[in-house]
Each structure stands twice: as structure tokens, then as C-alpha cells.
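Asks: Predicted coordinates and the sequence they were generated for:
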Amino acid sequence: MDLQRWVAFYLPFFDSLAEAEGFVIRCEQQTPPNNTAKIMMHQTQRLISTTDRIPELRLHSEPLQLLFLMISAEHIAKLYEGFQSEGKSHEYTYKFFETFVSAEDRNKLQYDFADNNDRPLGLKRTIDLLYAIRCDVVHEGRFWGFAFHDGTTSMQNADPDVMVRLSLCELRDIVVRGCITAIKQELLRSSN
């Protein structure tokens with residue numbers, strides 16, 4: 001077991017090294033057929049780490065990074081629900097944000113994306129927007145043309161016409177926190 005790789009990834013999301021190690025060890029101790037939390041923990045690290053490495057391959061490709069964040073959300077929701085069929089990607093992506101993302105993070109999502117009159121999109125329209133960008137990458141190969149807040153300036157995008165006050169890094173952390181919540185819930189469920 002390569003515990004240190006997993007612990008290093010999850011450590012920023014826990015209050016202490018001991019807490020992060022405990023989380024990873026609980027996941028790693030799971031064995032088939034009751035090892036969904038372990039799979040979820042591994043897949044979160046793999047998919048998010050892929051997201052993090054994309055700029056090394058291609059600069060200015062935030063929609064491509066967003067694709068992997070949305071894949072993470074969808075995949076974790078499907079694993080949690082035991083869904084093994086094809087389809088329902090949008091439905092499970094939405095379930096992830098509704099079920100596993102904290103109220104504080106959902107609040108950020110619903111207010112940090114606004115239309116051209118600076119009216120917040122709300123949670124559903126924000127998730128629909130992010131999912132549509134994901135689809136543009138998957139189905140059209142379009143991994144440019146959308147930008148997140150750059151740490152200094154909000155981004156006004158033209159297509160879609162939306163103002164973004166959230167950085168890609170902030171969205172990444174929202175997704176990781178949601179994944180951790182799902183994994184913890186799965187650990188509780190599998191221990192009963």
C-alpha cells in the first residue's frame with residue numbers, strides 16, 4: 001500500500017496528519033466486495049491529480065480541467081449509488097453537488113456564477129453550465145474559451161455569457177471536499 005501518496009493528497013482537507021492518515025487507513029482496510037469507499041478514495045485522488053497536471057501538458061485549458069472535475073463528481077455519485085449502467089451522467093453530476101457538497105460550498109457555486117446583468121445563476125443553472133462546458137469538451141473537443149476567476153479578476157466569458165467569480169482551484173477544492181463527504185458516508189454505511 002502506498003499510503004503516503006494518498007495521505008499527501010488528502011492532508012490539506014483534514015485538520016491534522018493523524019486525521020488524514022486515519023481516513024486513508026480506514027479506506028485501505030476495506031476488502032472486496034465491500035470496498036466501495038476504498039475505490040472512491042483512490043479514484044478521487046487519481047482524477048483530481050490528473051486535473052492538476054493538465055497545465056503541464058496544455059496551458060490555458062481550464063475547460064479540459066473542468067472535464068476531469070465533473071468526471072470526478074459523476075463517478076463518485078455513481079459509485080456511491082452502485083450505478084453500473086450507461087448514461088444518467090448529468091443526473092448523477094447534479095446529485096453529487098446536491099448530496100455531498102456542503103451548504104457553504106453550494107452557496108459559493110450559486111452566487112459566484114452570474115449572468116450578464118450580474119444576477120446569480122443559482123445552483124441548478126451553475127451545475128447545468130459546468131456540465132454543458134464538460135459536454136463541449138467531450139463531444140466537440142472544445143477545451144478553450146471559458147475561464148475561471150484568475151485569483152485577481154473575475155472573468156466575463158462570452159460563450160456562454162457568464163461572469164465567474166470562482167477560481168478553478170476553488171472549484172477543485174469544492175469537488176474534493178464533496179468526494180471526501182461521499183467517502184465518509186460510504187465508510188459509515190459499510191461499517192453498519
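Replies: Happy to help now that I have it.
Asks: contacts, neighbours, all on C-alpha from now
Replies: Fine.
Asks: Tell me which strands the helix or strand bottoming out on mean pLDDT in the chain pairs with, and in which orientation.
Replies: Of all helical and strand segments in the chain, the minimum by mean pLDDT, DSSP states H and E falls on strand 155-158, at a mean of 88. Paired strands of strand 155-158, with direction, are strand 161-164 (antiparallel) (DSSP bridges).
Asks: In the partner strand, which residues are buried?
Replies: For strand 161-164, the neighbour count (16 or more other Cα atoms under 10 Å) marks Val162, Met163, Val164 as buried.
Asks: Return the member of these nearest to Gln43.
Replies: Closest approach to Gln43 among the buried residues of strand 161-164 (Cα to Cα): Val164, at 27.8 Å.
Asks: Could you pull up the contacting residues of the closest one?
Replies: Shown in contact with Val164 (Cα atoms under 8 Å, 6 or more residues apart in numbering): Asp112, Phe113, Ala114, Ala147, Phe148, His149, Ser154, Met155, Gln156, Asn157.
Asks: Go through those residues and give me the one with the most neighbours.
Replies: Phe113 (27 neighbours; other Cα atoms under 10 Å).
Asks: quick revisit: now do the least confident helix or strand of the chain: distance to the chain's middle.
Replies: For strand 155-158, the gap between its own C-alpha mean and the chain's C-alpha mean amounts to 22 Å (Cα atoms, centre = their mean, to the nearest Å).
Asks: Give me the contacts around it.
Replies: Contacts of strand 155-158 with the rest of the structure, by Cα under 8 Å, 6+ apart, involve Gly145, Phe146, Ala147, Phe148, His149, Val162, Met163, Val164, Arg165.
Asks: Please enumerate residues in contact with the longest helix along the chain?
Replies: Longest helix in the chain, counting residues (DSSP state H): helix 168-191. With Cα under 8 Å, 6+ apart as the test, helix 168-191 has contacts from 13, 26-27, 34, 36-37, 40-41, 44, 48, 62, 66, 69, 72-73, 76-77, 80, 96-97, 100-102, 105, 148-149.
Asks: Can you select the buried ones among those for me in PyMOL?
Replies: In PyMOL, a selection of the buried entries from those looks like this (16+ other Cα under 10 Å):
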select buried, resi 27+36+37+40+41+44+48+62+66+69+72+73+76+77+80+96+97+100+101+105+148+149
